[in-house]
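Student: Give me the fold of what follows.
(one chain, ligands or ions: 1)
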Amino acid sequence: MPSKKALIRRPGPRLAEGLVTHVERADVDVDLAVEQWEAYAQALRAHGWETVEVEPADDCPDAVFVEDAVVVFRNVALITRPGAESRRGETAGVEEAVARLGCSVNWIWEPGTLDGGDVLKVGDTVYVGRGGRTDAAGVQQLRAAFEPLGARVVAVPVSRVLHLKSAVTALPDGTVIGHIPKVDRPSLFPRFLSVPEESGAHVVLLGGDRLLMAASAPRTAELLTDLGFGVVVVDISEFEKLEGCVTCLSVRLRELYA
Ligand SMILES: NC(=O)NCCC[C@H](N)C(=O)O
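Tutor: Predicted coordinates:
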């Protein structure tokens, strides 16, 4: 059953202490981050998404990156066990939010780890990045949770960026896009389009031919506009300093029954 709800989580006061792994730490302006987050949420609402705020987890600096705490396939929400210990306190509030929305709930169990940013769904294919945050046990548990529901789970190595979706996302027609220097194995994707900027690899599908993208990838925005997509741009500079992208600031729920 189609639904257009999006989970989001307001940035907390400790945002500037968020983790950095593959980039140099830079000062984060928390007030500006809140403004950017509000504009991001507004862009979702402007395209028909009802935003649902997960209760804050202010002790966890990275809680705003809500996509890492849950993966949803059909009506089943798989609560993750984040690879970074400092992020494990983020999942309880997300679990409550998805349960309230009517999802069935399942969990990644110790010793497995999995971050939602490592999971890219393209139709019934679920790509999972095995990298710094998601381990082999996490991949196995994801398979066990979603394959019985009809998913085909494809594991992909990730070594050059934080998460699989820091390297690749997919266009509405299923074409996977990525900035080649950051993609371990582009040949694993049946249809792959190379984009000129690292952050150009991140698109949120707003519905129809509309894509939400970061302002930091103007050349990719031009390329995708030229291919006939409607590109909506938001500035998320303060989240990019913490290796966040447009995809990780929300979880879109398209198949709720409630
Ligand atoms: N899915 C994502 O791309 N999440 C970004 C998480 C950034 C956060 N600073 C982290 O290192 O966990």
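
Student: show me what contacts the closest residue to the ligand within the stretch 101-250 of the chain?
Tutor: Residue of the stretch 101-250 of the chain nearest the ligand, by CB to the nearest ligand atom: Gly117 (2.3 Å). Backbone N, C-alpha and C define where each C-beta goes, glycine included. Shown in contact with Gly117 (CB atoms under 8 Å, 6 or more residues apart in numbering): 65, 67-68, 133, 162-166, 247-248.

Student: Contact residues of the stretch 1-150 of the chain facing the ligand?
Tutor: Proximity of the stretch 1-150 of the chain to the ligand is confined to 18-19, 21, 62, 65, 67-68, 84, 87, 117 under the rule CB under 6 Å from any ligand atom.

Student: repeat that with 5 Å
Tutor: Neighbours of the ligand within the stretch 1-150 of the chain, by CB under 5 Å from any ligand atom: 18-19, 62, 65, 68, 117.

Student: Ala221 belongs to a helix?
Tutor: Yes - assessed by DSSP: H, G, I helix; E, B strand; the rest coil, Ala221 belongs to a helix.

Student: Assign a three-state SS to the residue nearest to it when sequence neighbours are not counted, would you?
Tutor: Take Ala221 and drop its neighbours on the chain: the residue closest to it by CB to CB, 6 or more residues apart in numbering is Val231, 4.8 Å away. Secondary structure, three-state DSSP: Val231 is strand.

Student: hey, what's Val231 bridged with?
Tutor: Taking DSSP bridges as the rule, Val231 bridges to Leu211.

Student: Name all residues that make contact with it.
Tutor: Contacts of Val231 by CB under 8 Å, 6+ apart are 210-211, 213, 221, 224-225.

Student: out of the residues of the stretch 1-150 of the chain next to the ligand, which are inside strands?
Tutor: Per DSSP state E, strands hold no members of those.

Student: Quick check: ChimeraX command selecting the buried ones in those residues.
Tutor: Buried subset of those, written as a ChimeraX selection, criterion 16 or more other CB atoms under 10 Å:
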select :18,62,65,68,117
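
Student: could you dump the contacts of Gly117 to JSON lines with secondary structure and pLDDT?
Tutor: Shown next, in JSON lines, are the contacts of Gly117 (DSSP: H, G, I helix; E, B strand; the rest coil; pLDDT from 0 to 100):
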{"residue": "Phe65", "secondary structure": "coil", "pLDDT": "98"}
{"residue": "Glu67", "secondary structure": "helix", "pLDDT": "98"}
{"residue": "Asp68", "secondary structure": "helix", "pLDDT": "98"}
{"residue": "Arg133", "secondary structure": "coil", "pLDDT": "98"}
{"residue": "Leu162", "secondary structure": "coil", "pLDDT": "97"}
{"residue": "His163", "secondary structure": "coil", "pLDDT": "98"}
{"residue": "Leu164", "secondary structure": "helix", "pLDDT": "98"}
{"residue": "Lys165", "secondary structure": "helix", "pLDDT": "98"}
{"residue": "Ser166", "secondary structure": "helix", "pLDDT": "98"}
{"residue": "Thr247", "secondary structure": "helix", "pLDDT": "98"}
{"residue": "Cys248", "secondary structure": "helix", "pLDDT": "98"}
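
Student: Let me have those in CSV, extended by distance to Glu95.
Tutor: Formatted as CSV, the contacts of Gly117 follow (distance: CB to CB, whole Å):
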residue, distance to Glu95
Phe65, 16
Glu67, 14
Asp68, 13
Arg133, 19
Leu162, 23
His163, 20
Leu164, 22
Lys165, 21
Ser166, 24
Thr247, 20
Cys248, 18
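
Student: Pick the one among those closest to Val126.
Tutor: Leu164 (10.6 Å; CB to CB).
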